[in-house]
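> make a model of this:
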Amino acid sequence: SSGINAEYGGFSARAAELVCNSFGLPYGQTVAPMNFVRKKKELAAVGAFGATEIDCDGADTADGCTWKEYGSNGMPCTNGEQVAIQCGKTPWVLKLLGSRARSKSVAGYNYVKVKCEWDGCKYGVPIDYKNHLWGAVMVVDRSNMTADFAGGMEFKRGKLVGKMVLPPSSQSCAYCVAGVQGSTIHEVAKVDEWCWDGAGDLSDVVDEALHDIFGDGPGY
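Numbering: from 1, shown residues only. Predicted structure coming up:
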């Protein structure tokens, strides 16, 4: 059905969630209808308006929502006011596609350039990494099995890149971290090229250190 998009003050986030639930997907949000067409005039081909004033407050299913048949309230809708809903199985997905570590020894120090390529989606749609993700490198010390912040990362050519001094790979293990700005949503992944043999999965050690550094507040 069609109605007024949330960006215009009508269709609610709750309504979007219930519509997605009816298709067997747990999460949903309203998005700009222009996300699904190339030109605004193409919205006219989506179909005739069917309903307005859709209200899902207090409803448990989409069938529990109330609405008015289009035209019954005397307020016409115009092209561009169609509602668009984006559904997904999970709100956020972050997955490491690959990582590299290259070192250069200067005065006995290992200056390491770490690159990490991430795949990120919100409700199944790729996100703008540069404006919505932050990155860092954490390093686990083999001698005491604790992790510490090694350095921040920035986006270059679609990858998170950082340069930092790291202990030898025989004594440490580097982990890439990618997080959603303004939230605690994040993912950690081992940089295989900078980790001692047989290290195993140390992501729990990294997560514990991240919590100690940033706490529970936004931005971690």
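
> point out where the protein drops to low pLDDT.
1-10, 34-38, 40-49, 73-75, 79-80, 216-220 (pLDDT under 70).

> going along the chain, name the strands of it.
27-31, 51-55, 66-69, 84-88, 92-106, 109-122, 125-126, 133-141, 146-156, 159-166, 172-180, 186-195 (DSSP state E).

> from those, which stretch is densest packed?
Comparing the strands of the chain by mean neighbour count (mean count of other C-beta atoms under 10 Å), strand 172-180 ranks first with a mean of 24. Heads up, the C-betas are built off the backbone N, CA and C, glycines and all.

> tell me the strands beside that strand, with direction?
strand 133-141 (antiparallel), strand 186-195 (antiparallel) (DSSP bridges).

> in a markdown table: those strands, plus distance to residue 96.
Putting the strands paired with strand 172-180 into a markdown table (distance: least, C-beta to C-beta, whole Å) gives the following:
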| stretch | distance to residue 96 |
| --- | --- |
| strand 133-141 | 11 |
| strand 186-195 | 4 |
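
> give me the number of residues near residue 204?
10 (other C-beta atoms under 10 Å).

> can you list contacts of the helix ranked longest in the chain?
If you go by DSSP state H, the chain has its longest helix at helix 203-214. Residues outside helix 203-214 that contact it (C-beta atoms under 8 Å, 6 or more residues apart in numbering) are 138, 140, 145-149, 175, 177, 186, 188-190, 220.

> mind doing that once more with 6 Å?
138, 140, 147, 175, 188, 220 (C-beta atoms under 6 Å, 6 or more residues apart in numbering).

> distance between it and the chain's centre?
19 Å (C-alpha atoms, centre = their mean, to the nearest Å).

> next: stretch 187-200.
23 Å.

> same question for stretch 114-131.
That offset, for stretch 114-131, works out to 7 Å (C-alpha atoms, centre = their mean).

> start at 57, not 1
All set: I'll call the first residue 57, so the last point we hit is now stretch 170-187.

> how far does it stretch from one end to the other?
From its first residue to its last, stretch 170-187 covers 20 Å (C-alpha to C-alpha, to the nearest Å).

> can you tell me what sits against it?
With C-beta under 6 Å, 6+ apart as the criterion, stretch 170-187 contacts 83, 142, 144, 148-157, 193, 211, 215-218, 232, 234, 247.

> center of the protein - which residue?
residue 148 (4.4 Å; C-alpha atoms, centre = their mean).

> the closest residue in space to that residue that isn't next to it in sequence and residue 78, how far apart?
Using C-beta to C-beta, 6 or more residues apart in numbering and skipping residues adjacent in sequence, the residue nearest residue 148 is residue 241, 5.2 Å away. As for residue 241, its distance to residue 78 is 26 Å (criterion: C-beta to C-beta, to the nearest Å).

> how about residue 88?
22 Å.

> do the same with residue 85
15 Å.

> with residue 220 instead?
49 Å.

> for residue 269, same thing?
Where residue 78 is concerned, residue 269 sits at a distance of 42 Å (C-beta to C-beta).

> now do the contacts for residue 144.
83, 179, 180.

> can you report how many residues neighbour residue 164?
Counted with other C-beta under 10 Å, residue 164 comes out at 5.

> then residue 258?
Residue 258: 18 neighbours (other C-beta under 10 Å).

> contacting residues for it?
Counting by C-beta under 6 Å, 6+ apart, residue 258 has contacts 196, 229.
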